[in-house]
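Undergrad: Here is a sequence together with a model predicted from it:
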Amino acid sequence: MAGEPQADCLFCKIVAGEVPATVVRETETTVAFRDINPQAPTHVLVVPKAHYRDAATLAAAEPQLTADLLREAGEVAAEDKVVGTGYRIVFNTGSGAGQTIWHAHLHVLGGRGLDWPPG
Ligand code: AMP
Ligand code: ZN
């Protein structure tokens, strides 16, 4: 069923507490944790607790949950004090764009200068 946990999904395991992560925020519908391979001083992943393969699939199925993720990105940025200097929210979508984990997640990147366009 749409949104159900997947046994072979790393982020479902982090949501379930079966794989450890440095969780910075949790709500009824989302979990935010530090990326294991940070690309910036602030590099946090925000994921829905429900499993969807990518951002577009999530948005089509659950608009409110998609909004929850974006709101949480803002909360993470505020807690890490990167709002003033700016931060980036990224959804890599598809392997050609660098998506490696097929459970929707956004990256919050900040705390350093961020080039545009990204590589
Ligand atoms: P993406 O390439 O957009 O699919 O992002 C996946 C991200 O997950 C990468 O930035 C990885 O460094 C990160 N990642 C992989 N395994 C873990 C983990 N166990 N805990 C935290 N972040 C992870
Ligand atoms: Zn999952």
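TA: Received, thanks. Ligands and ions are numbered 1, 2, ... in the order given.

Undergrad: Any residues of the protein in contact with ligand 2? List them.
TA: Counting by C-beta under 5 Å from the ion, the chain comes close to ligand 2 at 6, 9, 11-12, 51, 103. C-beta: built from backbone N, CA, C; applies to glycine.

Undergrad: residues contacting the closest residue in space to Ala55 that isn't next to it in sequence?
TA: Leaving aside its chain neighbours, Ala55 sits nearest to Phe91 (3.9 Å; criterion: C-beta to C-beta, 6 or more residues apart in numbering). Contacts of Phe91 were listed using C-beta atoms under 8 Å, 6 or more residues apart in numbering, and they are 54-55, 104-107.

Undergrad: The helix ranked longest in the chain packs against which elements?
TA: Criterion DSSP state H: the longest helix present in the chain is helix 63-79. Packing partners of helix 63-79 (3 or more C-beta pairs under 8 Å, 6 or more residues apart in numbering; DSSP states H and E): strand 23-26, strand 30-34, strand 42-48, helix 55-61, strand 87-90, strand 106-110.

Undergrad: Glu75 is nearest to which of those?
TA: Closest to Glu75 of the helices and strands packed on helix 63-79 is strand 23-26 (C-beta to C-beta; 6.1 Å).
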